[in-house]
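*Asks:* here's my sequence, what's the structure:
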Amino acid sequence: MIKYFAFILTAIGFLLALVSVAQAQGEGAIHGIVLAQADRSALPGAAIRLEGPPISGALTAVAGEDGHFGFQRLIPGEYTLVVARAEFVEERTRFTLKPREVKNITLELSLRPVQETVVVSASMEDVAATYSPSSTVVQTHSLEALPLAQRNSLPDVIVAAAPGMIRGHDDFVHVRGQEIALNTFINGVSFWENAHAMFSVGLSPDVIQSVNVMTGGFPAEYGNRFGGVLDIVTKSGFSMNNDGALTLGFGTALRHNASIEYGGHTEKAAFYLFSSAFESARFLSPPDPRSIHNTGRGARSFAQFDFAASPNNFLKLVLMGDGTNFEIPKTALDAVLRPNLNSFQRTRSQSLIFSWDHVHSNDLLLHTAFYQKWSRSRLLPNDDPLGAQADAERTLGTFGLKSDLTRFVGRHTLKGGADLVLLRPDERVSYLSQPWIDYTHLIGSGHVHFRGPNRGPVVFQQQKTGGQISLYLQDKVQLSRGLTADIGLRYDRYSLAISDFHFSPRLNLAYEFRSGTVLHGSYNHYFVPPPIENVLLNSAGLTSLISEIGQPLPALRPVVENQFELGVTQPIARLLRVGLTGYYRISNDAPHTVLFPDSRVYAYANFDKGKAYGLELKMEMPTIPALGLSGYLNYALGRVWFYNPVTAGFTTEAEHITAANRFLAPMDQTHTLTSGFTYRHRRSGLWASMALEYGSGTPAGHGVGDHEQEAGESDHSHGGSEETALRVPQHFTQNLTLGWDLLSRGEQPRLGLQFNIENLTDNVYKVAQESVFSPGQFYIPRLFSGSVKIRF
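*Replies:* Take a look at the predicted model:
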């Protein structure tokens with residue numbers, strides 16, 4: 001592995017030597033060329049003006065001798081590009097710049113008719129985007145409208161952002177049937193830890209300036225996980241004017257929050273600081289409607305420093321430090337029979353991203369980042385004589401270097417890069433199941449015999465160094481006025497518990513008709529490394545210690561997937577945009593989590609195959625200024641299958657190793673709907689929003705559709721077929737938020753008040769059905785909360 005790192009480091013050094021001067025790709029950039037429509041000749045001297053809410057005033061540029069122009073380091077958001085030249089019709093183009101997106105725009109001006117002064121032509125989008133129609137851009141003002149307690153968890157914030165997102169076991173959010181979803185890119189850097197609370201502290205949504213939630217149509221630069229990619233741009237002091245905000249929140253179930261942020265800038269430098277603390281008596285989804293032993297507390301800190309070393313060189317330093325302490329919830333029966341079954345978990349993390357953006361010209365952009373992270377998760381054992389004794393600790397050291405070069409050539413946007421990451425997991429587990437086995441005899445429940453020598457504890461400890469090398473090359477090209485293609489190839493070389501390499505081709509197409517209708521199509525091939533959580537334990541063959549299995553399974557394998565997607569988007573009267581998408585994904589060695597019995601020690605198993613397909617509808621209504629209304633609706637119709645046998649990793653259910661059938665996956669939910677609307681009264685500052693969520697229910701028991709009982713297994717219900725499979729009941733919930741923005745200072749109110757009622761009808765539904773080795777989980781009851789935000 002070291003020789004591969006040395007080779008790539010040498011290549012990057014050579015690349016940097018070639019590009020000795022550069023200008024930055026910052027958060028986003030626009031490159032364009034102005035042509036005459038009649039003969040497609042360049043129009044030098046054309047005046048270009050960029051306007052939009054993300055910038056104060058307007059940015060201006062003049063087309064060069066070849067007609068080219070550019071704007072760098074742009075904050076994501078809505079923009080209007082105005083182009084004017086003597087004797088030509090002025091043209092206005094409206095578009096949305098997504099996080100870290102580089103737009104390549106070709107503008108064709110027509111001659112002004114005789115005796116006509118000014119003609120303005122407008123279009124919603126300049127070039128058809130090749131992202132999935134189901135993808136969504138979420139801005140900071142949308143995040144701030146959510147209940148403050150909900151913003152403690154990034155998955156809770158994102159679950160309603162796009163179609164196909166399903167609440168699952170252990171507070172997971174599953175996207176299009178993916179067990180390992182939500183891959184966060186923070187300013188272009190991806191860390192490997194799972195974003196869910198049981199695995200890591202996660203990023204605070206309050207530091208997000210903009211996030212592109214992508215579920216398909218991925219360019220080659222994206223790797224590692226593909227359920228839902230969250231491409232995040234964090235807040236910068238360049239968008240603040242030496243101001244800040246203090247936010248305090250209070251709520252039932254001990255859901256209290258406090259945060260403070262401050263930022264500012266000079267002409268060349270900027271800083272942004274954030275810190276928060278939170279607590280909740282319903283930290284995780286509990287196994288009973290009533291939350292027992294479920295209090296958690298946490299703190300997060302974030303700092304970003306930006307420095308313009310020269311007009312062509314920009315430096316950015318991001319520092320993050322986070323931690324949580326929380327209890328593992330238990331059932332009401334446990335509270336009576338096992339009163340000392342009180343387990344705790346602690347998570348800590350520290351991260352650093354140092355990046356250099358460099359612009360050689362309007363046609364050549366370079367971005368390089370060094371990133372580092374240290375994280376630790378510690379599960380503390382309980383002392384109940386009838387509970388499994390689990391003492392587990394895992395730490396992960398991450399060191400990485402990522403660099404990419406973007407080149408504009410005519411209608412082509414070429415991008416190539418390399419991402420090198422060094423991973424150092426250190427895992428330690430001591431697990432004693434005999435007290436739990438004694439408990440199952442007491443209550444007459446089933447169990448497996450997962451024990452060490454002489455009925456003692458299972459003990460595992462290992463440390464290893466490995467990593468991954470990734471190379472990618474992609475070309476986004478406007479083939480004609482309406483046809484855009486994003487073609488790419490990615491190479492990944494992974495080596496940790498196992499070694500493997502893979503080439504992943506990507507093809508994303510979009511065609512925009514003059515009416516505004518856009519057709520989308522894509523084929524994406526994915527290589528997904530094994531989950532980093534307990535990656536060494538998952539590959540240690542511990543199934544040999546389970547008497548019912550008695551043999552080791554191979555090391556956990558990477559997942560190879562093929563996803564096909566076809567969709568259409570249609571604007572309706574510039575007030576509504578509707579997208580319809582169909583997808584089909586097949587996975588080899590599909591992973592799923594497995595719990596050590598009666599504990600929260602997580603492992604993973606590879607099933608032989610996974611399959612997911614469905615139809616998604618997405619509707620967006622931007623704010624109508626005259627009415628103050630905005631809204632959205634997401635609907636997904638889906639089906640997810642897993643195929644036996646389990647071929648690698650760890651499992652406690654022996655029947656999955658010998659079976660050769662398919663069954664409905666635990667995250668299979670036929671119908672999922674999320675919707676919401678917001679009303680704002682501009683003059684008074686009053687506003688209100690309502691969020692709705694419906695789910696038809698996930699499979700019960702094993703989550704099996706056509707699972708067959710094994711010989712000698714006692715009779716129990718699995719459901720006989722896809723149509724008759726037992727499911728948890730359907731659910732429908734509503735959240736109401738009322739707000740009042742007071743003492744406005746320009747566009748920013750100095751005081752903001754917010755009151756929230758979550759789960760208005762008090763529908764404490766079952767999120768996931770209990771199985772032999774994992775408890776069921778329930779949604780929150782009706783909860784009240786309020787917050788006050790003071791800007792200074």
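
*Asks:* tally up the residues packed near Ser445, please.
*Replies:* When neighbours are counted by other C-beta atoms under 10 Å, Ser445 registers 11. Just so you know, the C-beta spots here come from the backbone N, C-alpha and C atoms, and that holds for glycine as well.

*Asks:* that one looks like it's in a strand, true?
*Replies:* No: looking at Ser445 with DSSP: H, G, I helix; E, B strand; the rest coil, it is coil, so not inside a strand.

*Asks:* pLDDT at it, what is it?
*Replies:* At Ser445, the model reports a pLDDT of 88.

*Asks:* where does it fall, phi/psi-wise?
*Replies:* According to degrees, to the nearest 10, the main-chain angles of Ser445 amount to phi -110, psi 160.

*Asks:* now it, nearest residue through space, not along the chain?
*Replies:* Distances taken as C-beta to C-beta, 6 or more residues apart in numbering place Tyr439 nearest to Ser445, at 7.9 Å, with adjacent residues excluded.

*Asks:* ditto for Ile55
*Replies:* That would be Ile75: by C-beta to C-beta, 6+ apart, it lies 7.1 Å from Ile55.

*Asks:* now swap in Glu193 and tell me
*Replies:* Ser200 (4.1 Å).

*Asks:* before we move on, back to that, ok, the residue nearest to Ser445 - how many residues close by?
*Replies:* Count around Tyr439 with other C-beta under 10 Å applied: 21.

*Asks:* pretty sure it belongs to a strand, no?
*Replies:* No: counting by three-state DSSP, Tyr439 is not part of a strand but helix.

*Asks:* ok, so what distance separates it from Val518?
*Replies:* 58 Å (C-beta to C-beta, to the nearest Å).

*Asks:* where does the prediction get shaky in the protein?
*Replies:* Scanning the chain with the threshold set as pLDDT under 70 gives 1-27, 114-128, 701-725, 745-747, 771-775.

*Asks:* quick one: residues contacting Pro339.
*Replies:* Asp384 (C-beta atoms under 8 Å, 6 or more residues apart in numbering).

*Asks:* measure it to Asn382 for me?
*Replies:* 10 Å.

*Asks:* domains of this structure?
*Replies:* 29-71+74-123, 136-237+245-791 (automatic domain parsing).

*Asks:* mind checking which helix or strand Asp156 is in?
*Replies:* Assigned by DSSP states H and E, Asp156 belongs to helix 154-158.

*Asks:* now that helix, how far from the centre of its chain.
*Replies:* 8 Å (C-alpha atoms, centre = their mean, to the nearest Å).

*Asks:* go through the helix or strand that that helix is followed by and flag the buried ones.
*Replies:* Next along the chain after helix 154-158, taking DSSP H and E as the criterion, comes strand 165-167. For strand 165-167, a neighbour-count test (16 or more other C-beta atoms under 10 Å) marks 165-167 as buried.

*Asks:* pairing partners for strand 165-167, with directions?
*Replies:* strand 173-175 (antiparallel) (DSSP bridges).

*Asks:* what does the strand it pairs with contact?
*Replies:* 155, 158-159, 162, 164-168, 181-182, 196, 215, 227-228, 667.

*Asks:* what's the answer for stretch 476-486, then?
*Replies:* By C-beta under 8 Å, 6+ apart, stretch 476-486 touches 104, 106, 127-130, 217, 219, 411-413, 415, 474-475, 487, 506-514.

*Asks:* which residues does the nearest residue to Asn342 once chain neighbours are set aside contact?
*Replies:* Nearest non-adjacent residue to Asn342, counting by C-beta to C-beta, 6+ apart: Asn382, 5.2 Å away. Residues near Asn382 by C-beta under 8 Å, 6+ apart: 340-343, 389.

*Asks:* and for Ser587?
*Replies:* 559-561, 609-612.

*Asks:* go through the residues you listed and flag which are in strands.
*Replies:* Secondary structure defined by DSSP state E assigns 559-561, 609-612 of these to strands.

*Asks:* farthest pair in those residues?
*Replies:* Largest separation among the ones in strands among the contacts of Ser587 by C-beta to C-beta: Val560 and Ala612, giving 14.6 Å.

*Asks:* ok, the two, which is more surrounded?
*Replies:* Higher neighbour count among Val560 and Ala612: Ala612, with 27 against 17, using other C-beta under 10 Å.

*Asks:* residues near the closest residue in space to the more buried one that isn't next to it in sequence, how many?
*Replies:* Excluding its sequence neighbours, the residue lying closest to Ala612 (C-beta to C-beta, 6+ apart) is Gly177, at 3.3 Å. As a burial measure, Gly177 scores 28 neighbours (other C-beta under 10 Å).

*Asks:* could you measure Gly177 against Asp322, distance?
*Replies:* 29 Å.

*Asks:* and what of Met214?
*Replies:* Look at Met214 and Asp322: by C-beta to C-beta, they are 24 Å apart.

*Asks:* of these two, who's got more company?
*Replies:* When neighbours are counted by other C-beta under 10 Å, Met214 and Asp322 differ, and Met214 comes out ahead with 26 against 21.

*Asks:* give me the nearest residue to Val173, chain neighbours excluded.
*Replies:* Closest residue in space to Val173, ignoring its immediate chain neighbours: Pro155 at 4.4 Å, by C-beta to C-beta, 6+ apart.

*Asks:* that neighbour contacts Asp171, correct?
*Replies:* Yes: the pair Pro155 / Asp171 is scored as a contact, 6.8 Å apart, by C-beta atoms under 8 Å.

*Asks:* touching both of those two, which residues are there?
*Replies:* Contacts common to Pro155 and Asp171, judged by C-beta under 8 Å, 6+ apart, are 196-197.

*Asks:* what segments of the stretch 451-600 of the chain are strands?
*Replies:* 458-463, 466-478, 483-495, 499-512, 518-528, 559-572, 576-588, 591-595 (DSSP state E, counting those that start in this stretch).

*Asks:* closest to Val34 out of these?
*Replies:* For the strands of the stretch 451-600 of the chain, the distance to Val34 is smallest for strand 466-478, at 14.7 Å, taking C-beta to C-beta.
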